[in-house]
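Peer 1: Next come a sequence and a model predicted from it.
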Amino acid sequence: MLEVAVIDTAGAAAASLEPTRSRLLAELGEPGSATTLAARLGLPRQKVNYHLRELERHGLIELVAERRKGNMTERVMRATAQSFVISPTALGGVAPDPRRGVNEFSARWMLAVAARLVQEVGILLDRAGRAHRPLATFTIDSELRFASAADRADFSAELALTVATLVTRYDAPQSPGGRAHRLVLALHPSITRPPEEPGNPAGKEN
């Protein structure tokens, strides 16, 4: 089972978001059959079987064992990943495009860049898996507290200058044996409280 898998088709995205199938997908972090899942969720076994077939058709769950029980064969299924991310590819023409309205101070542009990151890494993971080759990546995840908005602005400016200097030093666009890489850095306020419950006032800073 993968730690994270990328959903890149509209059909698979719809299957993962349908309420009953979403519950089944969450339950199948551990292997289970239609019979055990039906008992656990309080649903008819035939209904569970139907939803399991749809999840399997979209590659979200897989067969891990078959057991004979009387005159029937019980299929034991498991999710293909512990968690899933839906790629903007599944949205087709309405997927965000960071090439529109570039603005490094825009939170919405940050979302568009993050969406492109999910899309491109998902494609690369799929290609690397098909070629049975590792995918070279590097990630930094950090959190810091600024004493003031001015410090945050100074940090952003210094970070931009440092990154630009490094890019200039190492960028070799004419290198015949080189390979292009994408660099994304994001800085945003940390979420310090749970999202607003439905019906409660919203719009406050998190």
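Peer 2: That came through, no problem.
Peer 1: Contact partners for the residue nearest to the spatial centre of the chain?
Peer 2: By C-alpha atoms, centre = their mean, the chain has its centre lying nearest to Val85, at 2.3 Å. Val85 sits next to Val4, Ala5, Val6, Ile7, Val118, Gly122 when contact means C-beta atoms under 8 Å, 6 or more residues apart in numbering. Quick note: C-beta positions are derived from backbone N, CA and C, even for glycine.
Peer 1: Then Asp126?
Peer 2: By C-beta under 8 Å, 6+ apart, the neighbours of Asp126 are Val6, Asp8.
Peer 1: name the element it belongs to?
Peer 2: helix 107-131 (DSSP states H and E).
Peer 1: SS state for the residue nearest to the centre of the chain?
Peer 2: Secondary structure, DSSP: H, G, I helix; E, B strand; the rest coil: Val85 is strand.
Peer 1: Which residues does it form beta bridges with?
Peer 2: Judged by DSSP bridges, the bridge partners of Val85 are Val6.
Peer 1: start at 15 instead
Peer 2: Yep, numbering from 15; the last one is Val99 now.
Peer 1: Return the distance of it relative to Arg92.
Peer 2: 19 Å (C-beta to C-beta, to the nearest Å).
Peer 1: do Thr153 as well
Peer 2: Taken as C-beta to C-beta, the span from Thr153 to Arg92 is 27 Å.
Peer 1: who's more crowded, those two?
Peer 2: For Thr153 versus Arg92, the count of surrounding residues by other C-beta atoms under 10 Å is larger for Arg92: 16 against 5.
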